[in-house]
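[1] Just the structure for this:
(3 chains)
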Amino acid sequence: MARITLKNLKHAYMPNPVNDEDWALKELNLDWDDGGAYALLGPSGCGKTTLLNLISGLLTPSHGSILFDDHDVTRLPPEQRKIAQVFQFPVVYDTMTVYDNLAFPLRNRGVDETTVNKRVLEVAEMNDLTATLGNRASGLTADGKQKISLGRGLVRTDVNAILFDEPLTVIDPHLKFQLRSKLKELHTRVPNTMIYVTHDQTEAITFADKVVVMNVGEVVQVGTPKELFEEPHHTFVGHFIGSPGMNVLACEVKNGHAYIAGKKIATANKAVAKAGKSEIGVRPEFVKFARQGLEARVVKVSDAGRFSVVETDSAGGRVRLLVEEGGAIPSETARLEFDPAATRIYSNGWLAGREGRP
Amino acid sequence: MNKTVNQKAWFFVAPVLILVAFNAIVPLMTVVNYSVQETFGDNVFFWAGLRWFEEILRSPRFHDALGRQLFFTGTILAIEIPLGVIIALAMPRKGPWVSVCLVLMAMPLLIPWNVVGAMWNIFGLPEIGLLGKTLNTIGFDYNYTRQPGDAWFTLILMDVWHWTSLVVLLAYAGLVSIPDAYYQAARIDGASSWAIFRYIQLPKMKRVLTIAVLLRFMDSFNIYTEPSVLTGGGPGNSTTLLSLDLVKIALGQFDLGPAAAMSLIYFLVILLFSWIFYTVMTRGEEQ
Amino acid sequence: MARAKWLIPTIYIIFLMLPIYWLVSMSFKTTNEILGSFTLWPQNFTLENYRTIFTDPTWYTGYINSIIYVTINTVLSVTVALPAAYAFSRYRFLGDKHLFFWLLTNRMAPAAVFALPFFQLYSAIGIFDTHLAVALAHTLFNIPLAVWILEGFMSGVPKQLDETAYVDGYSFPAFFVKIFVPTIAAGVGVAAFFCFMFSWVELLLAKTLTAVAAKPIAATMTKTASSSGYELGLLAAAGTLTIIPGAIVIYFVRNYIAKGFALGRV
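    As a prediction, this is how the structure comes out:
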């Protein structure tokens, strides 16, 4: 087990990157605490798998270094990094039994058979695989195969971290929940550092203590699920996490105050905002209909169970808000009030006062 | 995929059935008919029963041809299958060189068989062939038209040249169908290159290699044109394989009865070997 | 070690190219040069051998004959194999497995066994020495292979495609021609490639079933080799020319070769 430190890490797949877009992963400094459960969240193609493969050693970074407990592993191959990885599509060795699959990583490292047997039985028990140990691995269902992949990671006592690359993609919906709970449970029993890559916010939030949100090759925010919800550092985070996502409205900043169509909007970070074109971000949960406030027109109401999602058009753009069941919804024109503590100014996408990388 | 039962599917199969039946059953019946009769020309036939079969099965000539055939097939399988796998493993997985390799390697497969024979005939000539001249220059007494050993060497080298690419292409197709994640997982599990080959690549290639062995077995058992052009079965009878012998009897001596009986035995031998091999190779998957 | 990996395919390809090079270089040599001395490349470069082939009808009609019957065979084999492969991939019917296996056993039949009966059968129905005779004879080997390859490709297409088309109001023939066949175009290409390949390279049957009118180029070569003495240069030039159609076909299907092999099923 180890703390993982990424220092000035950058990666490009092409040999001579020139533009910013040439980097699959832009410069990054990040610490992963020993024994933490992390999720790496972002849309497809944002560089999260690249980052994961850099940590496991399947890729060597073009720039920067990776430290496991202050020990530089940047140039080490995966087998010397003591890393386990579970892939999107289940990888099992078809011709072997479940038992031999689980024993494979240990046997490759020359562990004696009594220890192998002990560890395999332990891990099989943890993963509910005891009953199928003698079966051919190729005959199992997708979730059974993923359990084997996971088991091959857990069976080694020396792993620094277990990495998951969208491991539930091919699992049936009703089994996803079960497997996720299993992972959480395993994390409490075996306090390894776990990094879980996903594009699904529910998976990320339920699994992780800390979520790392990525977009177009860079990390935009690292925080607990609560922090990501309450104080997004980037409009992307606000938009990507939460359902529906954060409202982002065009605004003008003058003397540290935000104005939409000449109307002053109270915000939490007004003092630090620079003058010019900017945006206001506020989550639907913190918008309500009121006597006064921003003028808007109701466009669409959709029922989402305990509450309704109301879409309105304002001078700053589309605003969504949540109205509890039975709450009054104006039919045409209305006025919207934003909770000042949860309303923030963003410039170039970044939270005003926190511009740049985390 | 679960298939629906539909007897009308026979209509779809009918054209294939008619064509193949016309081509397979009528000639096969002709062969069976000849195999139990004796003729002295002029289309006069006498019932011979199973006499030709007994004669063929007892004749040393058939035993020798069958022995040579088995030796030939065994040797080329033992060379072409491992060699093809090794080459496929060493080939690049992606990039511009893949097409170049595939196109160049497939070349021998599309050369008419008699041209292959003629090409090696010329290539091996001791005085004017590149191979023959080179071997003689570096001190070997090589002459495939006079020495049986040299004839065999040339015959096998020619077949390796002609058909190893088929094994390469099949094995390569099996290899590229393996997702990257398998190699990545294996690296993380600390597998050696041997373990990767044994537990990932070989199992994934098993199906295509089964096809490769079957095709090579059948085709090498049927081989006729290339050796006929290269050595004509000689020197003496030293490279007379089954097909060569059969054509000699049937078209050369016009002994229709024995030729037909030999054809049937020959065909049955191929079927039997293929069936045994197929059953053994696929038995594991049924479980 | 991993860095020297490219050496293996490279050496293999050189080994493959040497006999071909020898044939090609010989085709540009004069008979005197071939028989008189050992030269690594043509000293008196000549196109005389090729000129003979392109001006003498006994030579160039051989090419035309070969191309005609190969084309007939390829079209015929693939056309009848398509519906049959569809039936095997989509339906279960009485005797389907036995039929499939029986088809494949024909692929194992030695051409030498069938040469004489074919000769008699085709003479009896009056198509001896026609392109059709060779094309038909080759279907015995090519149809099973085409059915097998196409069945593999078709099984990879989900059945939902068929069902969606019917829901959208396509009749079966319209669906088959307009939607299904284009979907497995790669498979059709690969099957056609294999039919072409076998029909182009086979000689025993092609030679037995023709005399003059449909005689293939390969047969012309063997006759020349024996009758007009040792005209090696001419033989080499004719051989070189038979390599070209194959090389062209490979070039066109190069991207499908690997895939096609993988999708055929046992």
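
[2] A:Gly281 belongs to a strand?
    Yes: the assignment for A:Gly281 by DSSP: H, G, I helix; E, B strand; the rest coil puts it in a strand.

[3] was I right about it contacting A:Gly242?
    No: look at A:Gly281 against A:Gly242 with CB atoms under 8 Å: they stay out of range, at 11.0 Å. Backbone N, C-alpha and C define where each C-beta goes, glycine included.

[4] which of these two has more neighbours?
    Neighbours per residue (other CB atoms under 10 Å in any protein chain shown) separate A:Gly281 from A:Gly242, with A:Gly281 holding more: 27 against 16.

[5] who are the neighbours in contact with that one?
    A:Pro232, A:Thr235, A:Gly238, A:Met246, A:Asn247, A:Val248, A:Leu249, A:Thr343, A:Arg344, A:Ile345, A:Tyr346 (CB atoms under 8 Å, 6 or more residues apart in numbering or on different chains).

[6] and the second one, what are its phi and psi?
    As for A:Thr235, its main-chain torsions (degrees, to the nearest 10) stand at phi -60, psi -30.

[7] Please name the residues that touch it.
    Residues in contact with A:Thr235 (CB under 8 Å, 6+ apart) are A:Met246, A:Val248, A:Glu279, A:Gly281, A:Tyr346, A:Gly349.

[8] what phi and what psi does the backbone show at the last one?
    The phi and psi torsions at A:Gly349 (degrees, to the nearest 10) take the values phi 90, psi -30.

[9] likewise the second one?
    A:Val248 has phi and psi values of phi -120, psi 120 when expressed as degrees, to the nearest 10.

[10] Then the first one?
    For A:Met246, the backbone dihedrals are phi -60, psi 140 (criterion: degrees, to the nearest 10).

[11] Can you name the residues that contact it?
    A:Pro232, A:Thr235, A:Gly238, A:His239, A:Gly281, A:Val282, A:Arg283, A:Pro284.

[12] Closest to A:Asp209 out of those?
    Of all the contacts of A:Met246, A:Asp209 sits closest to A:Pro232, with 18.3 Å by CB to CB.

[13] count of neighbours near the nearest residue to the closest one once chain neighbours are set aside?
    Spatial nearest neighbour of A:Pro232, chain neighbours left out: A:Gly238 (3.7 Å); criterion: CB to CB, 6 or more residues apart in numbering or on different chains. As a burial measure, A:Gly238 scores 26 neighbours (other CB under 10 Å).

[14] Ok, the one 3 residues further on next?
    Here the number of neighbours of A:Ile241 (other CB under 10 Å) works out to 21.

[15] Do I have it right that it meets A:Val213?
    Yes: in terms of CB under 8 Å, A:Ile241 counts as a neighbour of A:Val213; the distance is 7.1 Å.

[16] got the residues of chain A near chain B?
    For chain A, the residues in contact with chain B (CB under 8 Å from any CB of the partner chain) are A:53, A:56, A:58, A:77-79, A:83-85, A:87-89, A:91, A:93-96, A:104-105, A:108-109, A:136, A:149, A:152.

[17] Check for me that A:Pro90 belongs to a helix.
    No: counting by three-state DSSP, A:Pro90 is not part of a helix but coil.

[18] quick one, helices of the stretch 51-200 of chain B?
    B:51-58, B:60-90, B:96-106, B:113-124, B:130-137, B:148-176, B:180-188, B:193-196 (DSSP state H, counting those that start in this stretch).
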